[in-house]
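> return a 3D structure for these sequence lines:
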Amino acid sequence: MVGFKATDVPPTATVKFLGAGTAACIADLITFPLDTAKVRLQIQGERQGPVQAAASAQYRGVLGTILTMVRTEGPRSLYNGLVAGLQRQMSFASVRIGLYDSVKQFYTKGSERTSPNIARNAIVNCAELVTYDLIKDTLLKTNLMTDDLPCHFTSAFGAGFCTTIIASPVDVVKTRYMNSALGQYSSAGHCALTMLQKEGPRAFYKGFMPSFLRLGSWNVVMFVTYEQLKRALMAACASTEASS
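Now for the predicted structure:
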């Protein structure tokens, strides 16, 4: 068995909240430069035509973008906005990830087949959680893996890839719209339509590789850390109760 051993006692809400928030912050600390590079690549050349943008591209590739930023703006530029990101993760991830198991159990109580409905209804807003849960559940039910570190890593990596495919178009449009000049787009829909007309469908997956590296690594760090923190906290609680 790799990592902390699983316990028969389900984790409490407090354990889930603390574990999820802490794990999300650790994941952000490790992967934040990839997110910064992704945003720079997504907004690059948005006010120019495709030919002009390609000719004047400042950033090329994930590593090239990071190196350019370090050379021209210093290493700290890779972590611009980190504090706000950590605050968001501690308040947001602790709720959305910490409560996921409880909500899922509430709606699936008494039946082992409401999973397709969960996936269908939650895929947009909870792609990470749903795909991680489905991949992990499949690996365990088919006895391909046991509930330990390799299983958590594989499930998290798969969840990161699926989430990137689903979320990239929305993420690119959001980034373009939020970083556009005042009045350039009348709405997010107008931004998406303009991108489609001027740059084609591939524009919606601009910066896909840094997005995948960011989401994939974030999911791996977050879920692996979360699973281990839950077990560590539960072991500590059990040890405290046994000694009292």
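> from here on, contacts and neighbour counts on C-alpha atoms
OK.
> what is the neighbour count of the residue nearest to Ala188 when sequence neighbours are not counted?
Nearest non-adjacent residue to Ala188, counting by C-alpha to C-alpha, 6 or more residues apart in numbering: Tyr177, 6.1 Å away. A count of neighbours around Tyr177, defined by other C-alpha atoms under 10 Å, yields 21.
> do I have it right that Tyr177 meets Tyr185?
Yes: Tyr177 lies in contact with Tyr185 (C-alpha atoms under 8 Å); the separation is 7.0 Å.
> shared neighbours, these two?
Counting by C-alpha atoms under 8 Å, 6 or more residues apart in numbering, the contacts common to Tyr177 and Tyr185 are Cys191.
> any idea which helix or strand comes after the helix or strand of the chain with the lowest mean pLDDT?
Ranking every helix and strand in the chain by mean pLDDT, DSSP states H and E puts helix 115-122 at the bottom, with a mean of 37. Downstream of helix 115-122, the next assigned helix or strand under DSSP states H and E is helix 127-141.
> from the chain's centre, how far out does that next one sit?
Centre-to-centre, helix 127-141 and its host chain are 15 Å apart (C-alpha atoms, centre = their mean, to the nearest Å).
> nearest spatial neighbour of the residue positioned nearest the centre of the chain, skipping sequence neighbours?
Nearest to the geometric centre of the chain sits Leu215, at 4.3 Å (C-alpha atoms, centre = their mean). Excluding the flanking residues, the one nearest Leu215 by C-alpha to C-alpha, 6+ apart is Gly160, at 5.1 Å.
> quick one, what contacts the one you found?
Gly160 sits next to 128, 212, 215-220 when contact means C-alpha under 8 Å, 6+ apart.
> sticking with the residue nearest to Ala188, tell me its helix or strand.
Using DSSP H and E, Tyr177 falls in helix 149-178.
> now Ala20
Element membership of Ala20 [criterion: DSSP H and E] is helix 13-43.
> what's the longest helix in the chain?
Assignment by DSSP state H gives helix 208-243 as the longest helix of the chain.
> show me what that one is packed against.
helix 13-43, helix 149-178 (3 or more C-alpha pairs under 8 Å, 6 or more residues apart in numbering; DSSP states H and E).
> try it again with 10 Å
Applying 3 or more C-alpha pairs under 10 Å, 6 or more residues apart in numbering; DSSP states H and E, we find helix 208-243 packed against helix 13-43, helix 62-73, helix 127-141, helix 149-178.
> most tightly surrounded among the ones you listed?
Mean neighbour count (mean count of other C-alpha atoms under 10 Å) peaks for helix 13-43 among the helices and strands packed on helix 208-243, with a mean of 22.
> what mean pLDDT does it have?
Throughout helix 13-43, pLDDT has a mean value of 82.
> chain center to the helix or strand containing Met195: distance?
For Met195, the host element (DSSP H and E) is helix 188-199. Centroid separation for helix 188-199 versus its chain: 25 Å, with C-alpha atoms, centre = their mean.
> now do that helix: everything it contacts.
Helix 188-199 is contacted from outside by 46, 48-50, 169-170, 172-178, 180, 184-185, 187, 200-204, using C-alpha atoms under 10 Å, 6 or more residues apart in numbering.
> so how far is Gln89 from Thr225?
Using C-alpha to C-alpha, to the nearest Å, Thr225 is found at 14 Å from Gln89.
> hang on, isn't Gln228 packed against Phe153?
No: at 11.6 Å, Gln228 does not count as touching Phe153 under the criterion of C-alpha atoms under 10 Å.
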